[in-house]
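1. Sequence below, structure please.
(one chain, ligands or ions: 1)
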Amino acid sequence: MDDIDTFLLKFKGFYFGREALNVDFLENLDDFEIRDDDVFIITYPKSGTIWSQQLLSLIYFEEHCKRTENLETIDRAPFLEYNFRKMNFDERPSPRLFSSHLPYYLVPRGLKNKKVKIIYVYRNPKDVMCSYFHFSNMLSTLKPTSTFEEFMTLFLEGKVLGSLWFDHIKGWYEHKNYFNIQFMMYEEMKKDLKTSVKKICKFLGKELSEEVMDSVVRQATFQNMKYDPLANYENILNDKPEFKRTEGHFLRKGTVGDWKTHMTVEQNEKFDKIFQKKMKDFPLEFIWEINEE
Ligand code: PPS
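-> Take a look at the predicted model:
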């Protein structure tokens, strides 16, 4: 058995993590009953999932925005394929928010009814890779690597939870016409969160007052989320300390361009070559660095 198989399960050509995975559920995922007003956050890992969970929870649930309830974002927008809290999804009141790392070809077929709204958040893959490197070392459920080089090899071979980044984003983008989907870029959210929130609201058909909009933006900044116990996922690690292999946080740095402190010139050139080949003619833009104050 490959070392990778200890941590990952390959199902229909896609690598899943083993934690909280129910293979019977996966087998029947195509038939999972979708409601027209369900909303899905879809991401490749480390691309802004938790951030989007927070944003959508704030946009949809007044109690969440006003902090009159004590529900964590993971419970507001649980993962479909990793049922960490053993929820009965059928009993959840509408509108149901879901999160998922699934590739386009494994999602329930009901998502193709073009009513269900899907927000696909993507991030430049060099930063994804850096974030993922630290995350895989921190979580005991993921394969650790001792060097960045070692992780980069796994990432470029797609031997990580979520498989190959290139396939994930291209798959979703090339099949976008089957879905009601809005693509959002992590770096644009970082540059101007308010404009991004407006874009998300427009897609969701949500009208927020200026005051609520400002409150959503404020509560979804990295600094505020990092210290917000409902949003920062720390409770998950506190509840299950065995999940943590080394010190670290889900909300680590939240910056653009961290790859520059991780990748050597050689690694960067290698990555660029592969990126140019794989992403040739791909229309979405990427932002690799921004000047942050
Ligand atoms: S996961 O485990 O796949 O669900 O991870 P995911 O949430 O997709 O990605 C985690 C990275 O997103 C960063 N993050 C944010 N960045 C900016 N602003 C906000 N509010 C925010 N919230 C989360 C988080 O810090 C991880 O990136 P890194 O680079 O590791 O800091």
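2. Helices of the stretch 51-200 of the chain, residue ranges please.
-> 62-65, 73-76, 125-138, 148-157, 165-174, 186-191, 193-204 (DSSP state H, counting those that start in this stretch).
3. Tell me which of those helices approaches residue 91 most closely.
-> helix 73-76 (12.9 Å; C-beta to C-beta). Heads up, the C-betas are built off the backbone N, CA and C, glycines and all.
4. Would you mind pulling up the elements that that closest one packs against?
-> Helix 73-76 sits against helix 49-60, with contacts defined as 3 or more C-beta pairs under 8 Å, 6 or more residues apart in numbering; DSSP states H and E.
5. is the lowest-mean-pLDDT helix or strand in the chain anywhere near the ligand?
-> When each helix and strand of the chain is scored by mean pLDDT, DSSP states H and E, helix 234-239 comes last, with a mean of 84. No. Helix 234-239 does not reach the ligand (C-beta under 6 Å from any ligand atom); its nearest approach is 10.4 Å.
6. thinking again about what came up before, kindly present the helices of the stretch 51-200 of the chain as a markdown table, with separate columns for distance to residue 85.
-> As requested, the helices of the stretch 51-200 of the chain are exported to a markdown table (distance: least, C-beta to C-beta, whole Å):
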| stretch | distance to residue 85 |
| --- | --- |
| helix 62-65 | 16 |
| helix 73-76 | 6 |
| helix 125-138 | 20 |
| helix 148-157 | 29 |
| helix 165-174 | 25 |
| helix 186-191 | 26 |
| helix 193-204 | 24 |
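7. Tell me which of these lies nearest to the ligand.
-> In terms of C-beta to the nearest ligand atom, the element of the helices of the stretch 51-200 of the chain nearest to the ligand is helix 125-138, at 3.2 Å.
8. Could you check how far that closest one is from the centre of its chain?
-> Chain-centre distance of helix 125-138: 13 Å, with C-alpha atoms, centre = their mean, to the nearest Å.
9. Could you number the chain from 35 rather than 1 from now on?
-> I'll keep to 35 as the first residue from here, and by that count the last item is helix 159-172.
10. Need the residues that contact it.
-> If you take C-beta atoms under 8 Å, 6 or more residues apart in numbering as the criterion, helix 159-172 is touched by 78-81, 176-179, 182, 185-186, 189, 194, 199-200, 220, 278-284, 286-287, 289-293, 296-297, 302, 305, 309, 320, 322.
11. list the contacts for the closest residue in space to residue 237 that isn't next to it in sequence?
-> Excluding its sequence neighbours, the residue lying closest to residue 237 (C-beta to C-beta, 6 or more residues apart in numbering) is residue 216, at 4.2 Å. By C-beta under 8 Å, 6+ apart, the contact set of residue 216 is 151-154, 233-234, 237.
12. Tell me the one of those residues nearest residue 270?
-> residue 153 (22.2 Å).
13. State the distance from that closest one to residue 298.
-> 34 Å (C-beta to C-beta, to the nearest Å).
14. residue boundaries of the strands in the stretch 35-184 of the chain?
-> 42-45, 48-51, 73-77, 131-134, 151-156 (DSSP state E, counting those that start in this stretch).
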